[in-house]
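# return atomic coordinates for the entry below.
(one chain, ligands or ions: 1)
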Amino acid sequence: MNEHAVVIAGGGPTGLMLAGELALAGVDVAIVERRTSQDLVGSRAGGLHARTIEVLDQRGIADRFLSQGQRHRVVHFHIPLDISDFPTRHNYVLGLWQNHIERILAGWVDELSVPILRGREVTGFAQDDTGVDVELSDGQRLRAKYLVGCDGGRSLIRKTAGIEFPGWDPTTSWLIAEVEVSEEPAWGFRNDALGIHALGKSEDGRRMRAVLTESQVRRASEPTLRDVSEALIAVYGTDYGIHSPAWISRFTDMTRQAAAYRDRRVLLAGDAAHVHPPMGGQGLNIGVQDAVNLGWKLAQVVKRTSPESLLDTYHAERHPVAARALRNTMAQVAIRRPDDRTKALGDYVSTLLSMDEPRKRLAAEMSGLDVHYDLGKGHPLLGRRMPDLDLVTANGPLRVFTLLHHARPVLLNLGEPGGFDITPWAERVQLIDAQYVGTWELPAIGAVTAPTAVLVRPDGYVAWVGDLTQVGLADALTTWFGPPAAA
Ligand SMILES: Cc1cc2nc3c(=O)[nH]c(=O)nc-3n(C[C@H](O)[C@H](O)[C@H](O)COP(=O)(O)OP(=O)(O)OC[C@H]3O[C@@H](n4cnc5c(N)ncnc54)[C@H](O)[C@@H]3O)c2cc1C
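Model (predicted):
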């Protein structure tokens, strides 16, 4: 039986990101992935939001994505919301299809030498006090200290662990397909009594990509070309002579979230922990950020520098983030309903969102830039993302995100050089003396007072803020990075 510290079920975006994070921290991790290659049939996520790009920038891999996507200055919540005035280097959405996102992530994970056991599934597991026995479809068994289910919305890991998945059944379904046509379609969006439909060109321009709201909620059956043809005729009066489908699929507005993200040695992340409709393009982004929240914590627990209780902060921090996405997508589905009263409501929401303050609030939520982990009262930076400031150090200019490339925490001293002594944590936490001249501005919040020091976690969130004193620093170091090493 092969042993690994962590086994990840599922090598989609969430599983790949988590594997990369664990490998960076020096943890022995393996992925088990059902698909025989990273190829993805059908189109799913269409892009990366600002906070996800920041997170990738923190690891030094954002350019790999930026060089292949297209930047758009708006996020969507009912109407397009401009985010180009947000204080971040990445004040845009990067348009890039999920198959490309996965390919680039898989390339990174490969460089980090993570084994991916492809073409087989996790079929079951049993956990005990010291680890988890994982059964694979090829008869192999793996032993792991922890098993993480990144195995998508129908997660076998979640079901086998007996974790509840409460939420809301679908009210609408959509067909999505890429097909060839023999007549010129009516490109663009169409609104009718059924809802919104869209016809666009495929990536290579040779086929039609259709998203069609169905007249009845359908979920169980696999959709066929005939279903697409009928849905087209219902909306456009013709099916444009569709033939030769590249793929056909269906999605719904089913909205559910795991009641717990952890059951002892088994954890859930990404779609395994939360599903919601694609409005606003948030699912993949939240999954990748789940992984970045969990990776360093799990690494520290595996290496025994932190107690197991650190893993409870994963659910505490990430469950509310996805819960909010569940709510905002339910709202977006409701406000798209085609009846006149809902349209009237939509007009009012549009009016509100054209005002600066509401636009900023909602846009910061959709782009993930306003995530705030509840780390107690204090400076507004506490529990929020650390901005990527241009620092000046004794060795020259330095961006904050560069300090996070190896996923190690950093205590940034912006006051008197040499003012801190963190010797008991020196093996775990980088101490950097630096200067920063300029304002501190947070998305949707605005300017905040300049701190004299900040403790930044590997995921880029601020764990402690100094204001000329060091009160609370030792506690924060212990809470997040484990007890002090003996002298
Ligand atoms: C039409 C549509 C549009 C979308 N648009 C967007 C968007 O614009 N932006 C956005 O952020 N998100 C979007 N999403 C959501 C996004 O696609 C998902 O949130 C994302 O794929 C979740 O990633 P994941 O890695 O958690 O799960 P998945 O991508 O589902 O990956 C799970 C992986 O686990 C594997 N697997 C499953 N079971 C097992 C098993 N037992 N053993 C081993 N392997 C297993 C699967 O093969 C798969 O590779 C969209 C989704 C749809 C359907």
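# ok, the lengthiest helix in the chain near the ligand or not?
Criterion DSSP state H: the longest helix present in the chain is helix 312-335. No - Helix 312-335 lies out of reach of the ligand by CB under 6 Å from any ligand atom, never closer than 9.4 Å. C-beta here means a position set from N, CA and C on the backbone, and glycine is covered the same way.
# mind giving me the packing neighbours of that helix?
strand 255-257, strand 262-263, strand 274-275, helix 283-302, helix 340-353, helix 356-367 (3 or more CB pairs under 8 Å, 6 or more residues apart in numbering; DSSP states H and E).
# at 7 Å what do you get?
Other elements packing on helix 312-335 under the criterion 3 or more CB pairs under 7 Å, 6 or more residues apart in numbering; DSSP states H and E are strand 255-257, helix 283-302, helix 340-353.
# contacts for it next, please.
Residues outside helix 312-335 that contact it (CB atoms under 7 Å, 6 or more residues apart in numbering) are 77-78, 168, 172, 253, 255, 257, 260-262, 267, 273-274, 276-277, 279-280, 282, 286, 290, 293-294, 297, 342, 345-346, 349, 365, 371, 373.
# could you list the domains of the protein?
2-167+256-367, 173-252, 390-481 (automatic domain parsing).
# the second one vs the ligand: in contact?
So that's domain 173-252. Yes - applying CB under 6 Å from any ligand atom, one finds domain 173-252 touching the ligand at 176, 251.
# any idea how far G466 lies from G383?
15 Å (CB to CB, to the nearest Å).
# near the ligand, which residues of the chain?
Contact residues, the chain versus the ligand (CB under 6 Å from any ligand atom): 9-15, 32-35, 44-47, 98, 121-122, 150-152, 156, 176, 251, 270-271, 278, 281-285, 287.
# ok, and the closest non-adjacent residue to N99?
Distances taken as CB to CB, 6 or more residues apart in numbering put L40 closest to N99, at 4.2 Å, once the chain neighbours are dropped.
# how near is that neighbour to R158?
L40 sits 22 Å away from R158, going by CB to CB.
# quick one, which of those two is more surrounded?
R158 (25 against 18; other CB atoms under 10 Å).
# wouldn't that one be in contact with Q257 here?
No - the pair R158 / Q257 is not scored as a contact, 10.7 Å apart, by CB atoms under 7 Å.
# coming back round to it: now do the longest helix of the chain against helix 283-302, angle only.
Inter-element angle recorded for helix 312-335 and helix 283-302: 170 degrees (by axes from the mean of the first three to the mean of the last three CA atoms, to 10 degrees).
# where do the helices sit along the chain?
Under DSSP H, the chain gives helices at 13-24, 50-58, 62-66, 98-111, 156-160, 225-236, 283-302, 312-335, 340-353, 356-367, 473-481.
# sort out which residues of the longest one are buried, please.
I take that to be helix 312-335. Under the neighbour-count criterion of 16 or more other CB atoms under 10 Å, helix 312-335 has 313-315, 317-319, 321-322, 325-326, 328-330, 332-333, 335 buried.
# ok, so of those, who is nearest the ligand?
A325 (9.4 Å; CB to the nearest ligand atom).
# now the closest one: how far from I157?
Separation of A325 from I157 (CB to CB) stands at 21 Å.
# same question for L362.
For L362 relative to I157 (CB to CB), the value is 33 Å.
# the two: which is more packed in?
Ranked by neighbour count (other CB under 10 Å), L362 and I157 place I157 first, with 27 against 23.
# show the pLDDT at that one.
Looking at I157, its pLDDT reads 98.
# D204 too?
pLDDT, read off for D204, is 84.
# now do S221
69.
# distance of the residue nearest to L96 when sequence neighbours are not counted from D204?
Nearest residue to L96, sequence neighbours excluded (CB to CB, 6+ apart): G69, at 3.5 Å. Counting by CB to CB, the gap from G69 to D204 is 16 Å.
# okay, the two: which has more neighbours?
Applying other CB under 10 Å to G69 and D204 shows that G69 carries more neighbours, namely 20 against 6.
# ok, the more buried one - contacts?
Contacts of G69 by CB under 7 Å, 6+ apart are 47, 94-96.
# kindly recompute the last result at 10 Å.
Neighbouring residues of G69 by CB atoms under 10 Å, 6 or more residues apart in numbering: 46-48, 53, 92-97, 100-101, 104.
# between those residues, which is nearest the ligand?
G46 (4.0 Å).
# quick check: pLDDT value at that closest one.
So, for G46, pLDDT stands at 91.
# tell me if I'm right that it and A198 touch.
No - between G46 and A198 no contact is recorded; they are 11.8 Å apart, counting by CB atoms under 10 Å.
# just name the most buried of the helices and strands packed on helix 312-335.
helix 283-302 (a mean of 26; mean count of other CB atoms under 10 Å).
# centre of the chain to that helix, how far?
Taking CA atoms, centre = their mean, to the nearest Å, one finds the center of helix 283-302 at 9 Å from the center of the full chain.
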